[in-house]
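>>> got a predicted structure here, sequence first:
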Amino acid sequence: MLSMAPPANLLALMRAHARWLVSPTEGRQADLSGWTLNDADLTGMSLQRAVLTGATFLDANLAGVDLSGAILTNADLERANLNSADLTGADLNAARFSGAWLQEANLSEVKAVAAQFRLARMIRARMQDSTIQNASFRQAEAAGASFHESRFYDVDCSDGDFTAAQFFHARLQHVRFIGCAMGGGNFTGAKLDHCDFTRAVLAEAKFPRAEIVQCIFRDANLRDCDFREVRMRGGDFSGAVLTGARFGAAQLTAADFRGANLRGARELTAEQLSKAFTDQSTVLPNGSSGPYMKKSGAEKVR
């Protein structure tokens, strides 16, 4: 469907808004609350700090548009084109981006409570230092996206593509990554609290110096992951593949490796394995079956 030109009254509002951004005494802040701009072509406009509460932008073209500091509470941007748009510091509470295009968009410092990003295309998007709560990223495409130092609470990212996504120093609590593609992801220094990575593909992901509390990695692919200096309390690794993973100086208190495959896992010590749970279904680093027994040498890779 072709995008439509914006209405004339919108253009007049935008001119007044542009003056307001420079001098609040001369112009007027744009308030498009409740407007319907479906299929509209808004490229080249600046909606910086505009009030867009409850506005509807279905299938609209907002590529490259400046929406920094905008109020998008309860706005509907389903299937909108927001590629390379700037939403820095925007209020996205209850906003809907399902099926939207957000490739290389900047969503840093946003607040997004109850927001919907289901099936959104967020390849190489930036969502750094943001607060995300009770939101959905189910089946989102976010390969190469950056979530540095963001805070996620009760967020559903199931079945999404987060390949090589960056969660450096992020705070993730009760986040569901069930069935996600996350190979090469970076969780260095992150705090993961009661997150669920069941069946996730995390091959070669990095977790150095992360704090991992009661997370679920059941049946996950953790081949060649880096867990060096991790502080781990609890955690379910039953059925997980950890072949070639690194554990140098990691704290593995009460980690549950029953049924896990640790063949070829490196830098594990007798003390680390003694503090974890293993059983006869565990494959130990030397390829033998568990449970791990002290002085057996099973922690040494053959």
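Thanks, I have it.

>>> show me where the protein has its strands.
Shown for the chain, the strands assigned by DSSP state E span residues 111-113, 131-133, 151-153, 171-173, 191-193, 211-213, 231-233, 251-253.

>>> would you list those in JSON lines and tack on mean pLDDT and distance to G54?
Bear in mind the C-beta positions are built from the backbone N, C-alpha and C, glycine included. As requested, those are exported to JSON lines (pLDDT from 0 to 100; distance: least, C-beta to C-beta, whole Å):
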{"stretch": "strand 111-113", "mean pLDDT": "98", "distance to G54": "16"}
{"stretch": "strand 131-133", "mean pLDDT": "98", "distance to G54": "20"}
{"stretch": "strand 151-153", "mean pLDDT": "98", "distance to G54": "25"}
{"stretch": "strand 171-173", "mean pLDDT": "98", "distance to G54": "29"}
{"stretch": "strand 191-193", "mean pLDDT": "98", "distance to G54": "34"}
{"stretch": "strand 211-213", "mean pLDDT": "98", "distance to G54": "38"}
{"stretch": "strand 231-233", "mean pLDDT": "96", "distance to G54": "43"}
{"stretch": "strand 251-253", "mean pLDDT": "94", "distance to G54": "49"}
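
>>> would you mind giving those as JSON lines with distance to S296 added?
Formatted as JSON lines, these follow (distance: least, C-beta to C-beta, whole Å):
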{"stretch": "strand 111-113", "distance to S296": "50"}
{"stretch": "strand 131-133", "distance to S296": "45"}
{"stretch": "strand 151-153", "distance to S296": "40"}
{"stretch": "strand 171-173", "distance to S296": "36"}
{"stretch": "strand 191-193", "distance to S296": "31"}
{"stretch": "strand 211-213", "distance to S296": "26"}
{"stretch": "strand 231-233", "distance to S296": "22"}
{"stretch": "strand 251-253", "distance to S296": "17"}
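
>>> save those strands as TSV, and put in mean neighbour count and distance to R19 too.
Shown next, in TSV, are these (neighbours: other C-beta atoms under 10 Å; distance: least, C-beta to C-beta, whole Å):
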stretch	mean neighbour count	distance to R19
strand 111-113	20	28
strand 131-133	20	32
strand 151-153	19	36
strand 171-173	19	40
strand 191-193	20	45
strand 211-213	19	49
strand 231-233	18	54
strand 251-253	18	58
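
>>> out of these, which is closest to N286?
strand 251-253 (17.5 Å; C-beta to C-beta).

>>> tell me the helices and strands packed up against that closest one.
Other helices and strands packing on strand 251-253, by 3 or more C-beta pairs under 8 Å, 6 or more residues apart in numbering; DSSP states H and E, are strand 231-233, helix 270-275.
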